[in-house]
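In: Sharing a model that was predicted from the sequence below.
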Amino acid sequence: MSRKKIALIGGGQIGGNLALLAAQKELGDVVIFDIPQAKGMVKGKALDLMQLRPHDGHDSNISGTSDYKDIEGADVIIITAGIPRKPGMKREDLLGINLGIIKDVAENIKKHTPNAFVIVISNPLDAMVYAFHKTSGFPKNQVVGMAGALDSARFRTFIAMETGLSVQDVTCMVLGGHGDTMVPVTRLATVGGVPVENLISKEKLDAIEERTRFAGGEIVKLFGNGSAFYAPAQSAIEMAESYIRDKKRVIPCAALCEGEFGIEGYFIGVPTVIGSGGVERILEFDLSDDEKSELNKTLEAVKKTVSETGL
Ligand code: A3D
């Protein structure tokens, strides 16, 4: 069986870590694409990563390029092209610059890898994945946005930190848009099957929900220049792995809803099954009245940003 090929569009902070994790998990050969001005940087990163392999004991090939021809034959594409936030910025403030970049990337992916499974990470996420879908014309199962996987990982982390229990045993999900209106579904969060409401006081859970909503901004403020990259990279790799290995993991992702949860025509964070068919299914469940109203609020925020794309 030949190796899979993973193309990373954008070889910055997240891109570099995606390459490392994809190679270490032996998902396939990795091509890191970036703009001509960053060609030396991605070629250098690729070479550095190649030289890590003797210690790691894997044989994936990693290369850097600024020629779209080199992504041909890729099974999975992960897009981080664009600019990240600086302190004080909202993700929506990135729309002006990142929209043009995503449109250009979508045209090139359509031309060179029309059959690849595409994971979008660039912000503002829900609008960027929408723009990619509209510009490329790819079927909905072939396009997904990474956000809920990261937001849920943050929620899980804060619950584990509060309870002192293993993060591995914390299960929970964050639905909705990747912004301040995201919806951590505390009612369904458990540690080893025990509802968190039995383990953590209401006051502390409220604080954890709030910290989750602003977890990205907390890191942007600490960094002073740029946004989180280790956990975002790992979150997208989990999605890519589920596709490549047909694991059928259930991961909160920005998937195109066509009636699910009463949402029509928008990419937004919902529990998504990812397997060899790409986005195979969205798992619907009954929401409480409060959750429904929170989901409506986050949907309105997503609609507003999407309308600003003019697509
Ligand atoms: P950064 O380290 O700046 O890397 C971005 C890369 O994109 C740079 O190397 C650029 O040269 C490259 N680039 C710019 N224009 C193009 C183009 N037209 N084609 C190809 N490459 C291009 O940023 P980063 O890796 O830290 O973040 C990348 C994106 O992910 C930003 O938009 C972030 O806001 C976003 N992000 C999203 C999440 C989510 O959970 C959705 C989390 C963290 C960051």
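Out: The structure has been received and is ready for your questions.

In: The one residue in the stretch 1-150 of the chain that gets nearest to the ligand: neighbouring residues, count only.
Out: At 1.9 Å from the ligand, G12 is the closest residue in the stretch 1-150 of the chain, using C-beta to the nearest ligand atom. Where you see a C-beta, it was placed from the backbone N, CA and C, and this is true even at glycine. A count of nearby residues for G12, using other C-beta atoms under 10 Å, gives 21.

In: Provide the contact partners of the worst-scoring helix or strand of the chain on mean pLDDT at residue level.
Out: Lowest by mean pLDDT, DSSP states H and E among the helices and strands of the chain is helix 53-56, with a mean of 93. Under the contact criterion C-beta atoms under 8 Å, 6 or more residues apart in numbering, helix 53-56 has outside partners 23-24, 59-60.

In: Please repeat the previous calculation with a cut-off of 10 Å.
Out: Here helix 53-56 makes contact (C-beta atoms under 10 Å, 6 or more residues apart in numbering) with 20, 23-24, 26, 49, 59-62.

In: Distance from it to the middle of the chain?
Out: When distances are taken as C-alpha atoms, centre = their mean, to the nearest Å, helix 53-56 is centred 27 Å away from the chain's centroid.

In: Which neighbouring elements make contact with the following helix or strand past that helix?
Out: Downstream of helix 53-56, the next assigned helix or strand under DSSP states H and E is strand 62-65. Under the contact definition 3 or more C-beta pairs under 10 Å, 6 or more residues apart in numbering; DSSP states H and E, strand 62-65 sits against strand 5-9, helix 13-24, strand 29-33, helix 39-50.

In: ok, now with 8 Å
Out: strand 29-33, helix 39-50 (3 or more C-beta pairs under 8 Å, 6 or more residues apart in numbering; DSSP states H and E).

In: Can you list the strands that the shortest one pairs with?
Out: Within its sheet, strand 29-33 is paired with strand 5-9 (parallel), strand 62-65 (parallel), according to DSSP bridges.

In: pLDDT at the residue of the stretch 201-311 of the chain found nearest the ligand, what is it?
Out: Residue of the stretch 201-311 of the chain nearest the ligand, by C-beta to the nearest ligand atom: P232 (3.8 Å). pLDDT, P232: 98.

In: Could you work out the most separated pair of the contacts of helix 53-56?
Out: L20 and D59 (15.0 Å; C-beta to C-beta).

In: out of these two, which sits in the more crowded spot?
Out: Per other C-beta under 10 Å, whichever of L20 and D59 has more neighbours is L20, with 20 against 10.

In: where's the more buried one relative to V302, distance?
Out: As for L20, its distance to V302 is 31 Å (criterion: C-beta to C-beta, to the nearest Å).

In: before we move on, the earlier item: closest to S293 among the contacts of helix 53-56?
Out: L20 (41.2 Å).

In: you'd agree the closest one is up against A46?
Out: No - with contact defined as C-beta atoms under 8 Å, L20 does not reach A46; the gap is 10.7 Å.

In: most tightly surrounded among the strands paired with strand 29-33?
Out: strand 5-9 (a mean of 28; mean count of other C-beta atoms under 10 Å).

In: Give me the contact status of that strand with the ligand.
Out: Yes - remark: strand 5-9 sits within contact range of the ligand at I9, by C-beta under 6 Å from any ligand atom.

In: same thing with stretch 249-259?
Out: No - on the criterion C-beta under 6 Å from any ligand atom, stretch 249-259 is out of touch with the ligand, staying 8.3 Å away.

In: Any buried residues in that stretch, and which?
Out: Using 16 or more other C-beta atoms under 10 Å as the test for burial, stretch 249-259 gives 249, 251-257.

In: Rounded mean pLDDT for that stretch, please.
Out: 98.

In: same deal with stretch 125-134?
Out: 98.

In: quick one: average pLDDT of stretch 95-111?
Out: On average, stretch 95-111 scores 97.

In: Any idea how far that stretch is from the middle of the chain?
Out: Per C-alpha atoms, centre = their mean, the centroid offset for stretch 95-111 relative to its chain is 17 Å.

In: What lies in contact with it?
Out: Contacts of stretch 95-111 (C-beta under 8 Å, 6+ apart): 9, 68, 71, 77, 79, 81-83, 116, 118, 120, 122-124, 127-128, 131-132, 135-138, 305, 308-309.

In: Could you do stretch 251-269 as well?
Out: By C-beta under 8 Å, 6+ apart, stretch 251-269 touches 120, 125-126, 129-130, 133, 140, 143-149, 151-152, 173-178, 182, 238-239, 242, 270-272, 274, 279, 282, 284, 287, 295, 298-299, 302-303, 306.

In: switch the cut-off to 6 Å
Out: 126, 129-130, 140, 144-145, 147-149, 152, 173-177, 239, 270-272, 274, 279, 282, 284, 302 (C-beta atoms under 6 Å, 6 or more residues apart in numbering).

In: are any of those buried, and which?
Out: Buried, going by 16+ other C-beta under 10 Å: 126, 129-130, 144-145, 147-149, 152, 173-177, 239, 270-272, 274, 279, 282, 302, out of those.
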